[in-house]
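K.L.:
When you get a sec, could you give me coordinates for this:
(4 chains)
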2 protein chains.
Amino acid sequence: MTDAIAATTTAALVPPPRATLDSVAKLAGVSRQTVSNVINTPQLVKPETAERVQQAIEQLGYRPNLAAKRLRTGQSRLIGLRIFGVDGDAVFDRFLHALTDAAALRDYRIILYTSPTDEGEIGAFDELVDRWDIDGIVLTSTHRGDVRSDHLATRGVPCVTFGRPWDDSARHSWVDVDGRAGTKAATETLIAAGHRRIGFLGWPLYSDVGTDREAGWRDAMREAGLDCREPVRRDNTLDSARTGAREMLDTEAPTAVVCVSDVMALGIVAELAAEGRPTGIAIVGFDNSTVAASNGLSSVDQPLVAVAGHCARLLIDQIERPTSSTAAPERILLAPKLISRASSRPPDLSPPANSP
Amino acid sequence: MTDAIAATTTAALVPPPRATLDSVAKLAGVSRQTVSNVINTPQLVKPETAERVQQAIEQLGYRPNLAAKRLRTGQSRLIGLRIFGVDGDAVFDRFLHALTDAAALRDYRIILYTSPTDEGEIGAFDELVDRWDIDGIVLTSTHRGDVRSDHLATRGVPCVTFGRPWDDSARHSWVDVDGRAGTKAATETLIAAGHRRIGFLGWPLYSDVGTDREAGWRDAMREAGLDCREPVRRDNTLDSARTGAREMLDTEAPTAVVCVSDVMALGIVAELAAEGRPTGIAIVGFDNSTVAASNGLSSVDQPLVAVAGHCARLLIDQIERPTSSTAAPERILLAPKLISRASSRPPDLSPPANSP
DNA sequence: GCGCAAGATTGGATCGATCCAAGGGGGCAG
DNA sequence: CTGCCCCCTTGGATCGATCCAATCTTGCGC
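P.N.:
Take a look at the predicted model:
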């Protein structure tokens, strides 16, 4: 062991020259092109030759250099993903991790970029394409009138979005989570538990995601023949959620509240605790963040690993499609799953919160 | 505006050929090399010529292609960073965001990779270096006997670690947060508030980070002439933290507890709430995660933006250092800052938690 | 035994930048 | 006027892969 380390250290003084197609070819006694064929189009090569070349490849530890390949073919095996400000978004971060994994399985890597604004992002695209030759882009935080995917289409850059386009201009593939189904399921669970006055703490109406989740609550209430009180809508911060919670509790307090996000849900929790109100109000959040888990808060969990898997698949298929990408874009809507914890169970039955 | 869009759309049918050194040279009426000089060594070029070339560059929107540059020079302007499993680590994610920003300021991009094990990571290094020609690597989660930085050194790959090497084998630059100073400051604040029986809820002893933070608590206690009860040590999960909290509270309960992490701190909070114990116990966490903020938990905040900035600077300086990198490695230890919230203030004075 | 097609292998040109050494032109001293 | 040097500019070779067309083998029918 010690010897091995010493040997390695010595070798460092003369860094071993990287194996190339030529060096492999020379060792195997064939031409450059044959080695390339063994790697890329094995069916063209006689099995015995291929065998010999394979041995040379392994002996030298050859790995095709992507810069050279890229220069000739334009493929980089890089996928761009925009990352937002430092205040972490738990959902995005989980997606990022899952996407990195999913892409790696097909030998692609994620390259991150930042941009202060959506308009600046267009410039960032061009730079990534021109300079890094990225093969495709995954867009997140789509919104109505989003021009980003169109711009990518005109540049011919494959792209997939996590998040549906909220207008009907979808010429690209997308993957999204069916928030409406999630809040509907959550609301139905509350109804089944006997709740009748169920409120909704949502986001302002300009948020399509928020409106969608609100619709799920409305669906369940309507189907159960229950009255939909006007939802309270606030920005996605703990403080504004608390003011919303106060408003909601002050006038004919509901017995249960479905929330558009965990942050909003925690706003209610905090408000209930601070005001010394009865803790009998059931609460369900959305996103199943770690903070929800640690607070025993029921929450709708987004299947982010699946989302990332589909994103990677759709994008890479698009990248590797031989020619004329006339294939119709795919739209994938995944169902989220309610994770039931103490916060939505009847208080008299609730055992001490057990985190998963 | 509509016309502009139409024009763009039309242009997409015949994707505009990317500008190259040659096309710029032809337009400016100079040679390829002169254009290259304008970009890389402007002092060699006559000002008027440079001016003309600059105009051509802007007119064509030329951007040097990195694949070609990389093929010739081996530089890719890519920095590798390993990303861990999908269960997000808030500290890592904040660091990741900040690092992406800091690197972008110097025109470097972050490329992510995964690896199931540390040994596998060595293989991942080689692949990134051989195939993607990455310029350097930022390592996180360093530990005693970490062979990764040595391996990179033998391969001649610049590297910086976020986290000090816990043995004295430091031949590379590193940046770390002075956890010991953080817990010491937290403890001192509690002492100043009148607490005398202050416990520590830590991690098992194999964790160097945990031991370091524990030492800070010990320092403060010793300097104040207070008795150090034996710390309780558990793994970093909410559940095991709760068992630890129970043990700590059952025998001569402290009036305040310093915790090695926010997760541990929340374990105590949960246990106190569930058991219906007095809420007068002051608690301080570590990491200042969002869940700490939303629970009104005081916590020691790591200056991750500064850490990332230093990491980027040290690594990129190393990458761009002209030759013989005989410069001594730099070690940077940054002081964290205690964020004081309701959980560590005397209960009788505490106003409703105000999240920042 | 010959020709011809299919199968297997080869060398040259190429992607777009940089490195290197050599080439022109202007100024100044001899 | 010539020579020399310095400043600026230029073309050729190169990095390591792929594309393309040409060449060499091999097998098989007639």
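
K.L.:
Could you report the neighbour count for residue A:42?
P.N.:
12 (other C-beta atoms under 10 Å in any protein chain shown). (Glycine included, C-beta is placed from N, CA and C.)

K.L.:
Repeat that for residue A:54.
P.N.:
Neighbours of residue A:54 (other C-beta under 10 Å): 16.

K.L.:
Is it in contact with residue A:38, as I believe?
P.N.:
Yes. The pair residue A:54 / residue A:38 is scored as a contact, 6.7 Å apart, by C-beta atoms under 8 Å.

K.L.:
Setting aside sequence neighbours, what's the nearest residue to the spatially most central residue of chain A?
P.N.:
For chain A, the residue lying nearest the average C-alpha position, counting by C-alpha atoms, centre = their mean, turns out to be residue A:95 (3.1 Å). Take residue A:95 and drop its neighbours on the chain: the residue closest to it by C-beta to C-beta, 6 or more residues apart in numbering or on different chains is residue A:304, 4.9 Å away.

K.L.:
got the buried residues for stretch A:244-260?
P.N.:
Judged by neighbour count using 16 or more other C-beta atoms under 10 Å in any protein chain shown, the buried positions of stretch A:244-260 are A:244-245, A:248-249, A:254, A:256-260.

K.L.:
what's the span of that stretch, first residue to last?
P.N.:
Stretch A:244-260 has an end-to-end distance of 12 Å (C-alpha to C-alpha, to the nearest Å).

K.L.:
mean confidence score for it?
P.N.:
The pLDDT scores in stretch A:244-260 average 91.

K.L.:
How far away from the center of its chain is it?
P.N.:
Put simply, stretch A:244-260 sits 31 Å off its chain's centre (C-alpha atoms, centre = their mean, to the nearest Å).

K.L.:
what do you get for stretch A:164-180?
P.N.:
14 Å.

K.L.:
touching chain B at all, it?
P.N.:
No. Using C-beta under 8 Å from any C-beta of the partner chain, stretch A:164-180 stays clear of chain B, with a minimum separation of 11.4 Å.

K.L.:
Other residues contacting that stretch?
P.N.:
Contacts to stretch A:164-180, defined as C-beta atoms under 8 Å, 6 or more residues apart in numbering or on different chains, come from residues A:142-146, A:149-150, A:152-153, A:159-163, A:208-209, A:212-213, A:215-216, A:219, A:286, A:300, A:302-303, A:307, A:310-311, A:314-315, A:318, A:329-336.

K.L.:
before we move on, back to that, isn't the residue nearest to the centre of chain A right up against residue A:139?
P.N.:
No. The pair residue A:95 and residue A:139 fails to qualify as a contact (C-beta under 8 Å) at a distance of 11.9 Å.

K.L.:
any common contacting residues for these two?
P.N.:
Common contacts of residue A:95 and residue A:139, defined by C-beta under 8 Å, 6+ apart, comprise residue A:162.

K.L.:
re earlier: so which of the buried residues of stretch A:244-260 comes closest to DNA strand D?
P.N.:
Ranked by distance to DNA strand D (C-beta to the nearest atom of the strand), these are led by residue A:260 at 48.7 Å.

K.L.:
and the two most separated of the buried residues of stretch A:244-260?
P.N.:
A:249 and A:260 (17.1 Å; C-beta to C-beta).

K.L.:
returning to what we had before: just the buried residues of the contacts of stretch A:164-180.
P.N.:
Buried residues within these, counting neighbours by 16+ other C-beta under 10 Å: A:142, A:146, A:149-150, A:152, A:159-163, A:208-209, A:212-213, A:216, A:219, A:286, A:300, A:302, A:307, A:310-311, A:314-315, A:318, A:332, A:334, A:336.

K.L.:
In the stretch 251-356 of chain A, where is pLDDT below threshold?
P.N.:
Low-confidence segments of the stretch 251-356 of chain A (pLDDT under 70): A:275-279, A:322-326, A:346-356.

K.L.:
from it, which residue is nearest to chain B?
P.N.:
Nearest to chain B, among the residues of the stretch 251-356 of chain A, is residue A:291, at 3.7 Å (C-beta to the nearest C-beta).

K.L.:
so what does whichever strand or helix holds that residue touch, helix or strand wise?
P.N.:
Secondary structure from DSSP states H and E places residue A:291 in helix A:290-294. In terms of contacts (3 or more C-beta pairs under 8 Å, 6 or more residues apart in numbering or on different chains; DSSP states H and E), helix A:290-294 is packed against helix A:262-275, strand A:298-301, helix B:262-275, helix B:290-294.
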